[in-house]
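Visitor: Just the structure for this:
(2 chains, ligands or ions: 2)
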Amino acid sequence: MPSTLPDRAIEADGLVKVFGTNRAVDGVDLRVDTGTVYGVLGPNGAGKTTTISMLATLLRPDGGNARIFGHDVVGEPHTVRQLIGVTGQYASVDEKVSGIENMIVFGRLLGLSHRAAKLKGRELLEAFGLAEAAKRPVGKYSGGMRRRLDLASSLIAHPPLIFLDEPTTGLDPRTRGQMWDVIRGLVAGGSTVLLTTQYLDEADQLADRIAVIDRGRVVAEGTADELKSSVGTAALQLRLADTAQTAVALTVIEQVLGVSATATPEAARITAPMGDPDRVTDLLLALRERGIPLAEVSVTKPTLDEVFLTITGHATDDAASAEHETEEVAA
Amino acid sequence: MSAIIETQPAVFPAQLSRHVGPRETLSHTLTMAYRALLRLRRTPEQWADVLVMPFLFTFMFAYLFGGAIAGSVTDYLPALIPAIIVQGVVQASVVTGTQLREDMDTGVFDRFRSLPMARIAPLAGALLTDTIRYAVLTVLTMLVGVMIGWRPGGGGAIVLAGLLVILTAWSLSWCWALLGVTARTAGTVQGIAMLIMMPLTFLSNAFVPTQTLPDWLRVVAEWNPLSHLITAIRELANDGVFGADVGWTLLGAVGIAAIFAPLAVRAYMRKA
Ligand SMILES: Nc1ncnc2c1ncn2[C@@H]1O[C@H](COP(=O)(O)OP(=O)(O)OP(=O)(O)O)[C@@H](O)[C@H]1O
Ligand SMILES: [Mg+2]
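Guide: Numbering: from 1, shown residues only, chains lettered A, B, ... in the order given. Ligands and ions are numbered 1, 2, ... in the order given. Just a heads-up that it's a prediction; the model follows:
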């Protein structure tokens, strides 16, 4: 790699995309440093795919601008396309032809000779565990195989910037772990990766920095640790055998953990933010001393919903509509 | 599955080009044509029309109408075979548009849009491959004609006749490509194209001599561009004559391609 690689892989300022009256992306700023993994986290419909599409020259922004390694996505799309690999949310490979034929066509389009394209294709298929399926039509691949072929296709030219739109959605846990390894490998090789995900856990595992987007806006940005500390690390959930003791239990928690816990309206469940796991032992002992029997104890990690709730003050759309439905049923 | 990936560092291209040059454009177009060929190989049903139509229509029209229109089957063939070829390639050219629509609806076009490739290549490549289908249909129909007694007297000009019909079909397919790029579904393309092409093929000199038509219809049939193409093919194949209709057809074909190819590419790029 030449030493002239710019420091910034992506710079986006005020990106806007409007579909009809829907502001799908509503002023997104992004700064992604070269050689890092950047996670874009958001619920369904947040505008993740639309943002990637604009950065990858697939969609023309309605406002704002973006540069990839200093090249404007609108003014120099052809230059930008030489610097990126895109693995979309839905596999963009040819179903009618075989895996290796896909690789040959993409390789040829990237300027390789037929022979070089075939070699490169074989090598990548091998690396992604698709060597045996290389000659079968992609239409007969499983979902996970298609995703891997899709990613392999994006790596033919070893582009310095790779977009991965929800790379692990729909993968089983083992394949997901493999995909994480691949992403780490890419970064170890000097690539910059921008990935979108709906899982905080995934962004946490992979991303150096994370942008949380909601309704087309970046609502929070920072490292995984910064984001998590803004929502509390984990929560302790308690269910009492006798709900009449709820008030006493809340007082005990306040005394022992030094935090205020909340109880669900029917008082079936008490939730307390858990800073120091060691103190939980003290709490459990204290509860026994007071004669407050527990029906259940569990620890929950912050979910994307909670990150959202905390950051935006409203639940993710899915959660919100689910609540809405329950209300309607009740009414 | 990550062993090799880790050892292959990212490559920052030493030279970045701002535009696609003509040589790359050609290479990308040929690659897309190669891809279309790969697809044709895997989907034999796409050959059905060009393989079956020459037999079906030639036999049907020859034996049904031969006696009534020309006195005998053999006497009808010089007029019929060029007409069957033209009707066949025109219909086959519509398939180009419907397939393009179907193809564009698959995810792989998203990848083409993100690659540093010539924007015209996906269209041009698909259309290039389809000329093979037109050629198969043309040659096959001619062979079927010879089999049942057609004796074209034009000599080598029959090759020109074949090339002219393929060129025209290729130009026409740019119209369907435009329709294919802008229409919502493949069915829409098929529907609209049939609505235009059915009257155009039948209200022509294809199957009946225009003298037998009522005055107003004769005017329509004689002005019909397909009539010029059919006459050009008949003259070339049967008599080796390079008449005015050849010129008109060439002009028409080039004109259509000159108008519709840029429109189709523009529409494709806007969607892209
Ligand atoms: N081509 C389009 N035409 C009209 N509306 C669109 C189009 N693409 C996206 N949208 C809308 O823009 C909004 C953002 O969509 P987008 O696909 O970017 O979300 P996302 O964050 O990728 O969601 P998901 O997690 O479901 O993939 C949605 O409301 C969607 O309905
Ligand atoms: Mg998406």
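Visitor: Which of the helices or strands spans residue B:12?
Guide: Using DSSP states H and E, residue B:12 sits within no helix or strand.
Visitor: Need the pLDDT of it.
Guide: What the model reports as pLDDT for residue B:12 is 78.
Visitor: now do residue A:302
Guide: Note on residue A:302: pLDDT of 69.
Visitor: Residue B:206 now?
Guide: If you check residue B:206, the pLDDT there is 85.
Visitor: try residue A:2
Guide: As predicted, residue A:2 sits at a pLDDT of 48.
Visitor: Can you list the low-confidence ranges for chain A?
Guide: Counting by pLDDT under 70, chain A contains low-confidence residues at A:1-4, A:230-233, A:267, A:302-309, A:312-331.
Visitor: Can you give me the domain boundaries for it?
Guide: Domain ranges of chain A: A:8-83+A:159-229+A:307-321, A:235-301, per automatic domain parsing.
Visitor: quick one, which of these is packed in tightest?
Guide: The highest average neighbour count among the domains of chain A, using mean count of other C-beta atoms under 10 Å in any protein chain shown, belongs to domain A:8-83+A:159-229+A:307-321 at a mean of 19. C-beta here means a position set from N, CA and C on the backbone, and glycine is covered the same way.
Visitor: And that one, how far out from the chain middle?
Guide: Between the centre of domain A:8-83+A:159-229+A:307-321 and the centre of its chain there are 8 Å (C-alpha atoms, centre = their mean, to the nearest Å).
Visitor: Look at residue A:133 and give its secondary structure.
Guide: Classification of residue A:133 by DSSP: H, G, I helix; E, B strand; the rest coil places it in coil.
Visitor: Now do the helices in chain B.
Guide: B:3-7, B:22-42, B:48-70, B:73-105, B:108-114, B:121-147, B:157-182, B:186-202, B:215-223, B:225-234, B:244-271 (DSSP state H).
Visitor: picking up where we left off before, export the domains of chain A to TSV and tack on distance to residue B:58?
Guide: Shown next, in TSV, are the domains of chain A (distance: least, C-beta to C-beta, whole Å):
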stretch	distance to residue B:58
domain A:8-83+A:159-229+A:307-321	47
domain A:235-301	73
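Visitor: Nearest to chain B among the ones you listed would be which one?
Guide: Ranking the domains of chain A by distance to chain B, with C-beta to the nearest C-beta as the measure, places domain A:8-83+A:159-229+A:307-321 first at 3.9 Å.
Visitor: is ligand 2 contacted by that closest one?
Guide: Yes - Domain A:8-83+A:159-229+A:307-321 comes into contact with ligand 2 (C-beta under 5 Å from the ion), by way of A:48, A:49.
Visitor: Surely residue B:154 touches residue B:232?
Guide: No - look at residue B:154 against residue B:232 with C-beta atoms under 8 Å: they stay out of range, at 11.4 Å.
Visitor: so how far is ligand 2 from residue A:294?
Guide: Plainly put, residue A:294 is 42 Å away from ligand 2 if you go by C-beta to the ion, to the nearest Å.
Visitor: which ones are touching that residue?
Guide: Residue A:294 is in contact with A:238, A:239, A:240, A:241, A:284, A:287, counting by C-beta atoms under 8 Å, 6 or more residues apart in numbering or on different chains.
Visitor: who touches both of residue B:154 and residue B:232?
Guide: Overlap of the contact sets of residue B:154 and residue B:232 (by C-beta under 8 Å, 6+ apart) consists of residue B:161.
Visitor: just the strands in the stretch 51-200 of chain A please.
Guide: Along the stretch 51-200 of chain A, counting by DSSP state E, counting those that start in this stretch, strands occupy A:63-68, A:71-72, A:84-87, A:161-165, A:192-197.
Visitor: quick check, distance from the third one to the centre of its chain.
Guide: Put plainly, it is strand A:84-87. With C-alpha atoms, centre = their mean, you get 16 Å for strand A:84-87.
Visitor: Enumerate every residue touching the residue nearest in space to the middle of chain A.
Guide: Nearest to the geometric centre of chain A sits residue A:197, at 1.9 Å (C-alpha atoms, centre = their mean). Contact analysis of residue A:197 by C-beta under 8 Å, 6+ apart lists A:39, A:40, A:41, A:166, A:167, A:168, A:169, A:203.
Visitor: Any regions of the stretch 101-250 of chain B where pLDDT drops low?
Guide: Those would be none, if you go by pLDDT under 70 across the stretch 101-250 of chain B.
Visitor: Wait, residue B:207 touches residue B:65, no?
Guide: Yes - contact criterion C-beta under 8 Å: residue B:207 and residue B:65 qualify, at 6.7 Å.
Visitor: In JSON lines: the contacts of residue A:197, plus distance to chain B.
Guide: Listed next are the contacts of residue A:197 as JSON lines, based on distance: C-beta to the nearest C-beta, whole Å:
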{"residue": "A:39", "distance to chain B": "19"}
{"residue": "A:40", "distance to chain B": "17"}
{"residue": "A:41", "distance to chain B": "23"}
{"residue": "A:166", "distance to chain B": "14"}
{"residue": "A:167", "distance to chain B": "13"}
{"residue": "A:168", "distance to chain B": "14"}
{"residue": "A:169", "distance to chain B": "15"}
{"residue": "A:203", "distance to chain B": "20"}
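Visitor: What's the local residue count around the residue of the stretch 101-250 of chain B found nearest ligand 2?
Guide: Closest approach between the stretch 101-250 of chain B and ligand 2, counting by C-beta to the ion: residue B:110, at 12.3 Å. Neighbour count of residue B:110, defined by other C-beta atoms under 10 Å in any protein chain shown: 20.
Visitor: Next: residue B:197.
Guide: For residue B:197, using other C-beta under 10 Å, the count is 19.
Visitor: My understanding was that it contacts residue B:88; is that so?
Guide: No - the criterion here is C-beta under 8 Å, and residue B:197 misses it with residue B:88 at 11.5 Å.
Visitor: anything in stretch A:136-149 near chain B?
Guide: Yes - judged by C-beta under 8 Å from any C-beta of the partner chain, stretch A:136-149 and chain B are in contact via A:137, A:148.
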